[in-house]
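>>> Generate coordinates for the sequence data below:
(one chain, ligands or ions: 2)
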Amino acid sequence: MNDAAKPGLAVEFDDVVKDFGTVRVLHGIGFALEPGRVYGLLGENGAGKSTLMKILGGYQPQTSGTIRVNGRPVAFSSSRDAEAEGIVLIHQEFNLADDLSISDNIFLGHEKKRGLLLDNRAMHAESAKVLAKVGLAVDPATKVSRLIVAEKQLVEIAKALARNARLLIMDEPTATLTPSETNRLFRLIEEMRADGVTVIYISHKLDEVERITDEVIVLRDGRFVGRSPTKDISRRQMANMMIGREVNDLFPPRAPVPRETAPALRVTDFSVPGWAEKISFEVRPGEILGFAGLVGAGRTELFEGILGLRKGSGRIELSGRTVTFRSPREAADHGLTYLSEDRKGKGLHVNFGLGENLTLMALERYVKPLLDPSAEHAALEAAVKEYGIRTGTLRNKASALSGGNQQKLALAKVLHPEPKVVVLDEPTRGVDIGAKRDIYFLISRLASQGLAVIVISSELLELIGVAHRVVVMRAGRFSAEVDGAHLTEQELIAHATGTANVDA
Ligand SMILES: Nc1ncnc2c1ncn2[C@@H]1O[C@H](COP(=O)(O)OP(=O)(O)OP(=O)(O)O)[C@@H](O)[C@H]1O
Ligand SMILES: [Mg+2]
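Ligands and ions are numbered 1, 2, ... in the order given. Predicted structure coming up:
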């Protein structure tokens, strides 16, 4: 890092086209950005936001068209080239080396040397500095594999800071952050703008876009469809521009509260050392149970414990039978499936085909005795339709789907074995507003069909919109169970932060 202030970059896209094989995903995009402003880049899942930014960031070449930086045409052959110009991209799907330390990741490809040797001490010190800036209080020597998702996101941001960006691109940076981490990030963005840095901010959270950006630019189906100063446009107008039509009510009518029946899943005094202590809950067939809490409250870890992904202890009963699971696979065999919040790490096999991903948890159905490719193909066709997955061709690998479409595939995958209980961990993360609505309606439909649904979410409004009942966890403990008229944002925040009974 050097502290000499450099002005931000001006960028011009001129008729940028991108083809993947025979599929055109960017159809001649043209718009220009001025230095020192914060731009919101909006568009539905698959609109081409990440693709355009990966081209600007040197991660992939355009098929045709020109990008000019400060008036000069550029052709980056790698992200290092782009970074040398001051263009830094923070990926939607993290781009960290899990087996290296935080510090090694921050300086990967930009190692500091003293003579011929690596200057580990200097890199460690610099890392500590940028980590403090983003508010991550961990030792830079910690291996990335030991971090939780939100911490990885903060490392990504720290890494970008250390690279002295003059144009910083953030692709869905706050998806995993707590409100206070988000606020800190926004202060950093303000500082960068004040320093003249150009910022491109991609997010489906329109309230954030409204708060932090000067101007929004909207893509639809690989085309530029418009731009507007943020202050002149409402969130509803943004959504309409993205989707190209009026957006209807986000939430379905609430599924009727199911009759008092035996629980589909009952968990009693379940503990996951270091993460969750003696948590008990139950969910009935037809019921939607929400799990609220701040990031790090232990919700994901609790369910990872239940599924045998972490060491845990306690009683688990499925339809009245006591069970233990050694793996999510085993749980799926018993009728309990889990959508991981970490879709790249644990949710999907990004290098596998779409069909293989879909059928992985219900393989028996397709193996008789050999895998039946036509049955798999038919299942995939049906799923693509049912879940509205946008893909150029069915023969794609999962890695070729846009972030939001990967999420839809992950959802299709956990519902494919037709479970009795499904646990959805942050099911709408990175998903556009139209697809979000589809997912809420899907959840409600699943419940009406008698499935017990657990939704873990950091978006309180989404839990209030869909859940019958919400369990709030705080710092690994049960904090409250909330339903009916108490299901309000204030009430949930109070329990999540531990301020519920302060003035009682
Ligand atoms: N490597 C690839 N091979 C084939 N198709 C791809 C590849 N990468 C992206 N695509 C396709 O390009 C289109 C645009 O994807 P992109 O990731 O840019 O969308 P996005 O606007 O970032 O969406 P999201 O909001 O879901 O992140 C999608 O249809 C996607 O399937
Ligand atoms: Mg994207």
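>>> hang on, Leu289 is in a helix, isn't it?
No. Under DSSP: H, G, I helix; E, B strand; the rest coil, Leu289 sits outside any helix and is assigned strand.
>>> What residues are bridge-paired with it?
Ile454, Arg469 (DSSP bridges).
>>> residues in the chain within reach of ligand 1, list them.
Taking CB under 6 Å from any ligand atom as the measure of proximity, the chain contacts ligand 1 at 20, 25, 43, 45-51, 92, 390-392, 396, 400-405, 430, 432. C-beta coordinates here come from the backbone N, C-alpha and C atoms, glycine included.
>>> one more time with 5 Å
20, 25, 43, 45-51, 400-404 (CB under 5 Å from any ligand atom).
>>> If any of these are buried, put those into a ChimeraX selection.
Of these, the buried ones go into a single ChimeraX selection, burial set by 16 or more other CB atoms under 10 Å:
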select :25,43,45,46,47,48,49,50,51,400,401,402,403,404
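>>> Could you list which of the residues of the chain next to ligand 1 belong to strands?
20, 25 (DSSP state E).
>>> Now narrow the residues of the chain next to ligand 1 to whatever sits close to ligand 2.
50, 402-403 (CB under 5 Å from the ion).
>>> who's in contact with the residue of the stretch 51-200 of the chain found nearest ligand 1?
Using CB to the nearest ligand atom, the single residue of the stretch 51-200 of the chain nearest to ligand 1 is Thr51, 3.3 Å away. Residues near Thr51 by CB atoms under 8 Å, 6 or more residues apart in numbering: 18, 25-26, 60, 402.
>>> Pick out the most distant pair among these.
Gln60 and Ser402 (13.8 Å; CB to CB).
>>> Would you map the strands across the stretch 401-504 of the chain?
For the stretch 401-504 of the chain, the strands defined by DSSP state E, counting those that start in this stretch cover 421-425, 452-456, 469-474, 477-483.
>>> The stretch 101-250 of the chain now?
So, for the stretch 101-250 of the chain - with DSSP E, counting those that start in this stretch - the strands run 113-114, 117-118, 167-171, 198-202, 215-220, 223-229.
>>> quick one: Val272 from Phe107, how far?
34 Å (CB to CB, to the nearest Å).
>>> Can you check the pLDDT for Lys346?
On pLDDT, Lys346 comes in at 68.
>>> With Glu151 instead?
85.
>>> got the residues of the stretch 51-200 of the chain near ligand 2?
Counting by CB under 5 Å from the ion, the stretch 51-200 of the chain sits next to ligand 2 at Gln92.
>>> shaky segments in this structure?
1-6, 246-248, 344-346, 364, 367-369, 500-504 (pLDDT under 70).
>>> Break it down into its domains, please.
Listed by automatic domain parsing, the domain ranges of the chain are 11-243, 248-335+419-504, 350-418.
>>> just to revisit the earlier point, quick check: of the ones next to ligand 2 among the residues of the chain next to ligand 1, which lies closest to ligand 2?
Nearest to ligand 2 among these is Ser50, at 3.1 Å by CB to the ion.
>>> Could you pull up the residues touching that closest one?
92, 171, 202, 402-403.
>>> Need the nearest residue in space to Leu360, chain neighbours excluded.
Lys413 (6.6 Å; CB to CB, 6 or more residues apart in numbering).
>>> Now for the closest residue to Asp372 other than its chain neighbours, how many residues are close by?
Leaving aside its sequence neighbours, Asp372 sits nearest to Tyr366 (CB to CB, 6+ apart; 5.3 Å). A count of nearby residues for Tyr366, using other CB atoms under 10 Å, gives 19.
>>> quick one: contacts for Tyr366?
Contacts of Tyr366 by CB under 8 Å, 6+ apart are 359, 372, 375-376, 379.
>>> I'd like the distance between it and ligand 1.
24 Å (CB to the nearest ligand atom, to the nearest Å).
>>> Next: Pro419.
Taking CB to the nearest ligand atom, one finds Pro419 at 25 Å from ligand 1.
>>> Need the three-state assignment for the nearest residue to that residue once chain neighbours are set aside.
Closest residue in space to Pro419, ignoring its immediate chain neighbours: Thr337 at 4.2 Å, by CB to CB, 6+ apart. Of the three states, Thr337 takes strand according to three-state DSSP.
>>> Bridge partners for Thr337, pull those for me.
Where Thr337 sits in a bridge, its partners, by DSSP bridges, are Val422.
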